[in-house]
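Trainee: Dropping the sequence and predicted coords here.
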Amino acid sequence: MQYMLLIYADPNVQPQPGTPEFGTMMKGYADFSQHVQDDGKFVAGNALEDAPTATTVSVRGGETTLTDGPFAETKEHLGGYYLLDCTDLDEAVKYAAMIPSATHGRVEVRPVMVFD
Amino acid sequence: MLPLHSLQSIIQQLVREEWGRILASLIKTLGDFQLAEDCLQDAIVTAMDRWPKNGVPDTPAAWLITTARRKAIDRLRREASFAAKELDIAYLNDLEQRAEGEDESGTIPDKRLEMLFTCCHPALDEKTRIALTLRALGRLTTEEIAAAFLDRTDAMAQRLVRAKKKISLAGIPYEIPGEDILPDRIVSVLKVIYLIFNEGYSATTGEALTRTDLSEEAIRLARIMWSLLPEEREIGGLLSLMLLHDSRRRARLSAEGHMVPLEDQNRTIWNKGRITEGISILKDILPKPKTGPYQVQAAISAVHSESQSWEETDWPQIVALYDLLHRIEPSPIVRINQAIAVSYAHSVDEALAMLDDTASDGALDRYQPYHAARADLLSRSGNAQAAIENFETAIQLSGNTRERAFLEKKLRNCSS
């Protein structure tokens, strides 16, 4: 099964660039990416630019409207994701807990819908 | 041939006894909670129709499983042709063969433990875990579960459907967890069982009869789980704890429905059978290493069970056990209970000092048991005015009618 691991964190709480904590976190991400690749679980994964760079698109009555910013204004922003191939939820949760941001933010684990 | 009504009650009883085992086995082969339950229901309907004509089969449970599996194959076939999609024929063949192969043997592989771990999976919310466990392994219908939680039946049914969907779509495993997560998962299952018990035991809301059923059900679940994981002594600890608590069921409520504290209970109406069983379980498991919190709580309860009266209680032993419990699982309620034991083992002043020390950070300011315990100790030390104030706060913080009535009575005794 494929699971999307969505990484949410509060930009004010997470380690800031230039601090030693930031270096530790980035190293943690590099290690994690390597780890899931070595385990053969990695399908895709990326970090995203900050939430203020987001553009939200909706189409109503044939008209496209753009909104500056993310869909929902929350303290915790979607900052990145991993798409992993796991045997079950327990395995996906095990990997989610290894993501460095899980210690200050949250990781939402969602199964990828299968169309058959 | 048996008269119809007695046959129906035979089927009903069989379903109640074997429901969990049959369902667990079906889920394992079908890989789908909802499908398994629907097909088992279908099979029961078929049994109601066939057995009066053809007689009850030699191994009714195996017959129900085989029939349910055939129903599942039919359903899957139908769905496949409706959706005009290619179905995994190999899977269906395999399923059919298994259905054939198990016809005669009559033995059902026991998958109830897998089902218990799935129902109590931490990815489901707590109320859902309780409801699902009661539905899947218990003998309760959706209506009965809804009644027990004062929910509407349709709301409870919906909760159960959503949960089964999540299990299937999110890939919640139907397995005994691996060793790395097994200890945590056992804790999660035991918590659900204990919550079911307490829901029945503390009778905070709802009809008394349904409530007693919940406690019975929790004890039964613990028995099943322990028989399947006999090495896990905390399961025995919880079973013992529930049996010992349950032994006082009749004594803890007065004829008027008021709560009777341990102190004032008529110990001659305690259920001796429950006490004997609870203590014998404990004697068996306690000497072994790695004592868990349920075992210690059961041991505390056992000290009370073995005492002829409140006055004769071995208080120093209880103080020592609370100390052990606090080391394993620190919590304010453990310290509060320990302070009460200290008041009998040593002195009320020592107990008050301990209580104040526990509450010094202000975290217990809105905690009802703290104020109730403090009021009690103060009134015993002759400080009536301060006791009244604490009783009043405790009453304010109480969310339970019986408990409030009990505290109000104490307050009246204190004021007069």
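Mentor: Thanks, I have the structure now.

Trainee: Run through the residues of chain A sitting next to chain B.
Mentor: A:1, A:3, A:86-90, A:92-94, A:109, A:111, A:116 (C-beta under 8 Å from any C-beta of the partner chain). Yep, even glycine has a C-beta here, placed from its N, CA and C like the rest.

Trainee: If we use 10 Å, what do you get?
Mentor: A:1-3, A:86-94, A:109-111, A:113-114, A:116 (C-beta under 10 Å from any C-beta of the partner chain).

Trainee: Just the C-alpha atoms of the helix or strand harbouring B:Arg77, please, in PDB.
Mentor: Following DSSP states H and E, one finds B:Arg77 within helix B:60-82. This file holds the C-alpha atoms of helix B:60-82, laid out as PDB (Å, rounded to 0.1, in the frame of the first residue of the first chain):
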ATOM      1  CA  PRO B  60     -22.900 -25.500  13.800                       C
ATOM      2  CA  ALA B  61     -20.000 -23.000  14.000                       C
ATOM      3  CA  ALA B  62     -18.100 -24.600  11.100                       C
ATOM      4  CA  TRP B  63     -21.400 -24.700   9.100                       C
ATOM      5  CA  LEU B  64     -21.900 -21.000   9.700                       C
ATOM      6  CA  ILE B  65     -18.300 -20.200   8.600                       C
ATOM      7  CA  THR B  66     -18.600 -22.300   5.500                       C
ATOM      8  CA  THR B  67     -22.000 -20.800   4.600                       C
ATOM      9  CA  ALA B  68     -20.700 -17.200   5.300                       C
ATOM     10  CA  ARG B  69     -17.700 -17.800   3.100                       C
ATOM     11  CA  ARG B  70     -19.900 -19.000   0.200                       C
ATOM     12  CA  LYS B  71     -22.100 -15.900   0.700                       C
ATOM     13  CA  ALA B  72     -18.900 -13.800   0.400                       C
ATOM     14  CA  ILE B  73     -17.900 -15.500  -2.800                       C
ATOM     15  CA  ASP B  74     -21.400 -14.900  -4.200                       C
ATOM     16  CA  ARG B  75     -21.200 -11.200  -3.200                       C
ATOM     17  CA  LEU B  76     -17.700 -10.800  -4.600                       C
ATOM     18  CA  ARG B  77     -18.800 -12.400  -7.900                       C
ATOM     19  CA  ARG B  78     -21.900 -10.200  -8.200                       C
ATOM     20  CA  GLU B  79     -19.900  -7.000  -7.400                       C
ATOM     21  CA  ALA B  80     -17.300  -8.100 -10.000                       C
ATOM     22  CA  SER B  81     -19.900  -8.500 -12.800                       C
ATOM     23  CA  PHE B  82     -21.600  -5.300 -11.800                       C
END
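
Trainee: what packs against that helix?
Mentor: Identification of packing neighbours for helix B:60-82 by 3 or more C-beta pairs under 10 Å, 6 or more residues apart in numbering or on different chains; DSSP states H and E yields helix B:4-30, helix B:33-54, helix B:89-101.

Trainee: could you dump those helices to a markdown table with distance to chain A, mean pLDDT and mean neighbour count?
Mentor: Below are the helices and strands packed on helix B:60-82 laid out as a markdown table (distance: least, C-beta to the nearest C-beta, whole Å; pLDDT from 0 to 100; neighbours: other C-beta atoms under 10 Å in any protein chain shown):
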| stretch | distance to chain A | mean pLDDT | mean neighbour count |
| --- | --- | --- | --- |
| helix B:4-30 | 14 | 84 | 18 |
| helix B:33-54 | 14 | 91 | 18 |
| helix B:89-101 | 13 | 64 | 13 |
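
Trainee: Determine which of the ones you listed approaches A:Leu66 most closely.
Mentor: In this view, these are compared for proximity to A:Leu66 by C-beta to C-beta, and helix B:33-54 is the closest at 41.5 Å.

Trainee: Is there a quick PyMOL command that grabs whichever of the residues of chain A next to chain B are buried?
Mentor: Buried residues within the residues of chain A next to chain B, by 16 or more other C-beta atoms under 10 Å in any protein chain shown, are selected in PyMOL with:
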select buried, chain A and resi 1+2+3+86+88+89+90+91+92+93+109+111
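
Trainee: quick one: low-confidence parts of chain B?
Mentor: Across chain B, the ranges flagged by pLDDT under 70 are B:1-4, B:80-108, B:139, B:202-212.

Trainee: next one: chain A
Mentor: A:116.

Trainee: OK, now which residue of it is nearest to chain B?
Mentor: Nearest residue of chain A to chain B (C-beta to the nearest C-beta) works out as A:Asp88 at 4.1 Å.

Trainee: who's in contact with that residue?
Mentor: Neighbour list for A:Asp88: A:1, A:3, A:94, A:111, B:170-175 [criterion: C-beta atoms under 10 Å, 6 or more residues apart in numbering or on different chains].

Trainee: Look up how far B:Pro109 lies from it.
Mentor: Per C-beta to C-beta, to the nearest Å, A:Asp88 is found 20 Å from B:Pro109.

Trainee: Quickly list what A:Thr56 is bridged to.
Mentor: For A:Thr56, the beta-bridge partners are A:Thr67 (DSSP bridges).

Trainee: so it sits right up against A:Thr64, yeah?
Mentor: No. Assessed by C-beta atoms under 10 Å, A:Thr56 is found out of contact with A:Thr64, at 11.2 Å.

Trainee: ok, those two, which is more surrounded?
Mentor: Between A:Thr56 and A:Thr64, counting by other C-beta atoms under 10 Å in any protein chain shown, A:Thr56 is the more crowded of the two (12 against 8).

Trainee: Cool, thanks, signing off.
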